[in-house]
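# This is a predicted model, with the sequence first.
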Amino acid sequence: MSFEMPITGTHIWYYFVCKREVWLLIHQIAADQDHEDLDYGRFISEQRYRRDKKEISIGNIVVDRLRTENGQLIVGEVKKSSKFKKSAKMQLLYYLDNLRKMGIEAKGELLFPEERKKEVVEWSVEGIEELKKAMEDIRKIARLPVPPNPEKIPFCRKCAYKEYCWAEG
């Protein structure tokens, strides 16, 4: 029997943005905690959607928002921007799948307060297949002795790991 590394929603989100960042997170290499985008993300999470329950831990997941509508449980994931919607959708799908395994049926909502946008996400077999492949790949990335090489992508400009990847030395 082999140990299976626990995967979090954050790992899923970053996997679809930057595989190097997944490795850094898994190996507990801390990002710049004073980075302005991290602070702004925390601010949005705390200030928006005040009526919903916030940051709820359920098993091994932590969801941003939780509410019911017409008897249906709605899990909300708050993001600063829809720029990385695919990542956010897969992260929310990961939460929905974990809840489903616990016997809890829920729908998801991606919330982009700065853009005043909302998108519904529902559990689907196709989505789960893609999620399983991503989780296998995350475990492979975690076993690498060094992080994958950095790749210049648009996300790098606002990344809290920017100095780690691109510092001249």
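Ah, there it is. Residues are numbered from 1 along each chain as shown.
# mind listing what's buried in the lengthiest helix in the chain?
Identified as the longest helix of the chain according to DSSP state H is helix 125-143. When burial is assessed from 16 or more other C-beta atoms under 10 Å, helix 125-143 yields the following buried residues: Gly127, Leu131, Ala134, Met135, Ile138, Ile141. All C-beta atoms are positioned from the backbone trio N, CA, C, and that covers glycine.
# Same question for stretch 93-105.
In terms of neighbour count (16+ other C-beta under 10 Å), stretch 93-105 has its buried residues at Leu93, Tyr94, Tyr95, Leu96, Asp97, Asn98, Leu99.
# The last one touches Val75, doesn't it?
Yes. Counting by C-beta atoms under 8 Å, Leu99 sits close enough to Val75 to count as a contact (7.1 Å).
# in this protein, which strand has the most residues?
Using DSSP state E to define each element, the chain has its longest strand at strand 61-69.
# Tell me which residues of it come out buried.
Ile61, Val63, Asp64, Arg65, Leu66.
# secondary structure element for the closest residue to Glu130 other than its chain neighbours?
In space, and not counting its chain neighbours, Glu130 is closest to Met90: 7.2 Å by C-beta to C-beta, 6 or more residues apart in numbering. Here Met90, judged by DSSP states H and E, is contained in helix 85-101.
# returning to that earlier point: just put the buried residues of helix 125-143 in TSV and tack on distance to Pro150.
Listed next are those as TSV, based on distance: C-beta to C-beta, whole Å:
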residue	distance to Pro150
Gly127	29
Leu131	25
Ala134	20
Met135	23
Ile138	18
Ile141	14
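# any idea which of the residues you listed is the one closest to Glu114?
For the buried residues of helix 125-143, the minimum distance to Glu114 (C-beta to C-beta) is 25.5 Å, reached by Gly127.
# Skipping adjacent residues, who's closest to that closest one in space?
Spatial nearest neighbour of Gly127, chain neighbours left out: Leu93 (4.8 Å); criterion: C-beta to C-beta, 6+ apart.
# What does the pLDDT read for that neighbour?
At Leu93, the pLDDT value in this model is 97.
# can you check Leu144 too?
Reported pLDDT at Leu144 in the predicted model: 95.
# List the contacts of it.
By C-beta atoms under 8 Å, 6 or more residues apart in numbering, Leu144 lies in contact with Trp23.
# heads up, I number from 9, so please use that
From this message on, residue numbering opens at 9, which makes the last subject Leu152.
# quick revisit: who are the contact partners of the residue nearest to Gly135?
Residues in contact with Leu101 (C-beta under 8 Å, 6+ apart) are Gly116, Val129, Trp131, Ser132, Gly135, Ile136, Leu139.
# ok, the residues you listed vs Ile37, which is closest?
Using C-beta to C-beta, Leu139 is the member of the contacts of Leu101 that lies nearest Ile37, at 24.8 Å.
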